[in-house]
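Trainee: Just a sequence and a predicted model for now, questions to come.
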Amino acid sequence: MKEIKVGLFTVLALACLAYMTMRVTADNAMFGKFVRYKTLVNDAEGLFKKSLIRVAGIEAGYVEDIQLADDKALVTFVIQKRLKVTPDSIIKVKSVGFLGDRYIDLYLGNPNLERLPKNSIIKVDEGGGLDKVTESAGNSLESLQEIMEKMKEAIQNDQTDNALRDIVKDMRTTMQALAKMTAGNQQAISSIVKNLDVATRGMGQQFDTNNPNSVLNKISELSDVIANFKEASNSIKEIMAHINAGQGTVGKFLKDEETENQITDTIANVNKLVNRINSIEADLSIYSGYNNDHGSYTEFGMDLYPTPERFYRIGVAVSDFGPESKTETRTKTTVAGTTTVVDKEEIDQNSLLVNAQIGRNFHNFGVRAGLIETTGGAGVDYHLKKLGTKLSADIFDFGNSNGANLRISSDVRVWNVVYGRATLEDTLNDSRSFTGSVGLRFSDEDLASFLGLFAR
Amino acid sequence: MKSAISCKNIIKRFGEHTILKNLSIEIPKGKITTILGYSGAGKSTLMKHFLGLVKPTQGSLTVLDQNVPTLSDDELRKFRKRFGMLFQYAALFDSLTTYENIAFPLKEFTDLNKNEILERVKELLTAVGLNEDSLYKLPSELSGGMRKRVGLARALALKPEILLYDEPTTGLDPITTKMVNDLITTTGRTENTTELTSVIISHDIQATLKISDYIAFLEKGEIIEFSPTEEFKNTTHPTIRKFLDLTTH
Amino acid sequence: MLAIKNVFNKFFEIVGENVLSKLEGIGSFATHFFSIMYWTFKSPYRIKLFIDQLYFIGNKSLFIVALTSLFSGMVITYQTYIGMKVMGAYTLVGPIVVLTIAKELAPVFSAIIVTGRCGAAMAAEIGTMKVTEQIDALEVMGISSRQYLGVPRVWATMVALPLLNLVFLFVANVGSWFVGVELLGIEEAKYYAKLKEFVDFNVLLEGLIKAGVFGYIVGLIGTYHGFKVQGGAEGVGKGTNAAVVWGMIVILILDYFLTSLLVRLLYDYGV
């Protein structure tokens, strides 16, 4: 009975956790597919990791990292993939509230342009912070104050040689003359004014660029058309000449419609493929170490991330220990009439092992399952990014006579791409052993820069 | 006469105090032996040595053919299963019923199922003179005498080879004292097929003279007399004589 | 001259004795800790006792935890609202209250409630068993009293506290929402929107880790003082008192160190 009550209590507590987690993270900008971009700002004050990026006021992404790059701040952030960021997109850093908080507004540019490739730098328009407003307000106030001073002087002091005072005086005389003039001619003046109004309005319309029928637009359109026409006719002239001569691949293609279609299709597919490949991130690692019971162990692995959350792990390992396979051989030799039969039994430990797993990341945890060292298994990883450490636990090789292998390991970053790994094998069995290894791990960026080196 | 417990020149010091000085005794197997003495003479400390709860500073101690001070913690735990002990106030687990108290060692150390355990518990209750009414009562609902009986039943559960009694009749009324004495006698003589050695610590001289086969007198950490009861009654040792005369009328 | 020398001697004697006895205390507590860890991994595993203790510490503390958390959440919200009103930042009340409760109040308050309730009970129960020779009876039967009595209690406290922490957090937030949205009139939509902006899973994780560590310590201290009891009813009273007092002191001191460690591990604010 008590067990049931304790069970209920546990379920209640976990339900509280589940509810609160959902409340706190539901429909957050943190879920979904993302593309990474960067921007350089002069002042990253008020911006933090996980600061939200908004498009049209709605959460569309978040800041991943802020680093110092010379004298500016390099902000790395991710935007939801469904939003098309183009080369003319603009970032604005805006202030909100009195507490100095700032957030990033992203203005998507012309949707007809090509999508900006990932990791590109988006331009920044650093204006409009509350401090900027108050600064310019302060300046304006100062200028206003000056003017007021001058005007005060002008009005008060008769002796001062003051241009303003003169202007005011002149204005007064002019106004008085004008008043006299218009006194008798009010009607005439008003009709003139009315006509003028109509005329200027009409003219205004003609010069309004928003009015598609305005003369201005018509003229600019016309000039555009003329220019294009000129260009086009020149090009056409050239091409026609070539085609007529049957010259060039284009000429050939234009004549052969089928080839042209095929080429278009191919180009489109290649584009798609390249985009897909570009969006996949890869991590490469190679480790080599020694186990106190079984000998040496070398592992080569690659993690592929089609999205930040999903990943595939493939790799091979070469070791002196692993699942066994027995081979029996019988050799018959006849020497001088006597036949000797030798039976040999060889126990081969599979020295080449394959890893192939599919996994998913949740915050700093990763869960995966699949082939671990050529046997079925599952594993869980915990990333302590700040310490450059990863803790893992794998369970596999259930068919082993000693029992399943529960492997617990810890990867620690020693320097740059160099890592150290400590592994405890067969934790649940009596045949526990320890492996110490050293390795290299290259993240996607590292690889990109490497390949860049070679491309040069 | 085979010895259940054999102490040779045991010395026990706690810091500056020497509790046991050069103590030697051979406690015979299958008999009821009482260790008498004034309060503070070292009787309880000696008993703790038998159980391995305390190790002697010097000297040798063999209990049931085991060299007790050299046993490891695990070995000691297994060794203690051959003992049963009745504490002065029974030391029953007060959150458990009579049944659960007596069944405790059976559940811990045997593979008996629920029914077998119940049978054994009823057997033990009968052996100590209790009926099934008290089976599901808590210790707080039992009288002092009944608690002692339940304590004894628990001590007998695993069919021990040595039964230790720590002041079994101290503080009890004469009727209950007689009941306990009878219990010790019958238990010592009929309960087991293997010889049950009973060792009693007491300063109730009347009871001791009635039920013991052998009596030892512990004075200031030394055994000054160890003999069969009849011989002991007629001892000429002045200290013991004084003790006997004080307490017997 | 001799008198002065005597005074100095006496002084050093007292200081020395105190230091030595404190060192002895620390040493025996460490021994208790290692003993508990040792016996945890040795069979028989007392699962039923563990469940019994989990029931006593967890289920039976639910009501008091829920009650205290409801009113704590309500009063913190109220006080925070008064402060935020000055700046017109009403909408920040939600996240401020939730962060305060999740990171500090829930683990610390629940730990203190459990110390008072269960730490005291453990010390009293084990202490009473010690003075009535029930612990001796266990040992004489060949059962380790630390394994039978200590291990289930320590691990049950460690498991129960994070669960109680979650309940505390949830009920306190209900109280906070009630006072904030219903009584003080903060817009519900803004309340939740701001919450999502400032609170993430790491905040909950920090509270849970703290609760787990506190649970282990409370169980350890309660059982330690129980086993240490000597001398009858007075000893039991002293032991119970010591369990509660030391439990609270250690929780509050450990809170600081745990917080600075967890902030470094879980967040990137560079503090």
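Mentor: That came in fine, so what should we check first? The shown structure was predicted, so the numbers you read here are calculated from the model rather than taken from an experiment.
Trainee: middle-most residue in chain B, spatially?
Mentor: With distances taken as C-alpha atoms, centre = their mean, B:Leu164 lies nearest the centre of chain B, 1.5 Å away.
Trainee: In contact with that residue: list those residues for me.
Mentor: B:47, B:50-51, B:83-86, B:199-201 (C-beta atoms under 8 Å, 6 or more residues apart in numbering or on different chains). (Each C-beta comes from the backbone N, C-alpha and C, glycine too.)
Trainee: now do C:Val75
Mentor: By C-beta under 8 Å, 6+ apart, the contact set of C:Val75 is empty.
Trainee: tell me which strands and helices the helix or strand harbouring B:Thr186 is in contact with?
Mentor: Per DSSP states H and E: B:Thr186 is located in helix B:174-190. Packing partners of helix B:174-190 (3 or more C-beta pairs under 8 Å, 6 or more residues apart in numbering or on different chains; DSSP states H and E): strand B:32-37, helix B:144-156, strand B:162-166, strand B:197-202, helix B:205-211.
Trainee: So is stretch B:129-144 next to chain C?
Mentor: No - contact of stretch B:129-144 with chain C is not found when judged by C-beta under 8 Å from any C-beta of the partner chain; the minimum separation is 9.8 Å.
Trainee: what's the closest of the helices and strands packed on helix B:174-190 to C:Ala89?
Mentor: C:Ala89 sits nearest to helix B:144-156 of all the helices and strands packed on helix B:174-190, at 68.4 Å, using C-beta to C-beta.
Trainee: Have a look at chain C and report the helix or strand with the lowest mean pLDDT.
Mentor: Least confident element among the helices and strands of chain C, by mean pLDDT, DSSP states H and E: helix C:188-198 (a mean of 78).
Trainee: Which SSE is immediately downstream of it?
Mentor: Counting by DSSP H and E, the next helix or strand C-terminal to helix C:188-198 is helix C:201-228.
Trainee: Contacts only, for residue 179.
Mentor: Unless you meant another one, I'm taking chain A. Neighbours of A:Ala179 in contact, by C-beta under 8 Å, 6+ apart: none.
Trainee: that answer is for a different chain, and I need it for chain C
Mentor: Per C-beta under 8 Å, 6+ apart, neighbours of C:Val179: C:73-74, C:77-78, C:81.
Trainee: distance of it from chain B?
Mentor: 43 Å (C-beta to the nearest C-beta, to the nearest Å).
Trainee: Show me the contact partners of stretch A:376-384.
Mentor: Contacts of stretch A:376-384 (C-beta under 8 Å, 6+ apart): A:357, A:359, A:364-372, A:389-398, C:265.
Trainee: What residues of that stretch count as buried?
Mentor: A:377, A:379, A:381, A:383 (16 or more other C-beta atoms under 10 Å in any protein chain shown).
Trainee: From the chain's centroid, how far away is that stretch?
Mentor: In terms of C-alpha atoms, centre = their mean, to the nearest Å, the centre of stretch A:376-384 is set 26 Å apart from its chain centre.
Trainee: and if you look at stretch A:76-85?
Mentor: 6 Å.
Trainee: Okay, buried residues for that stretch please.
Mentor: A:77-81, A:83-85.
Trainee: This completes my enquiry, with thanks.
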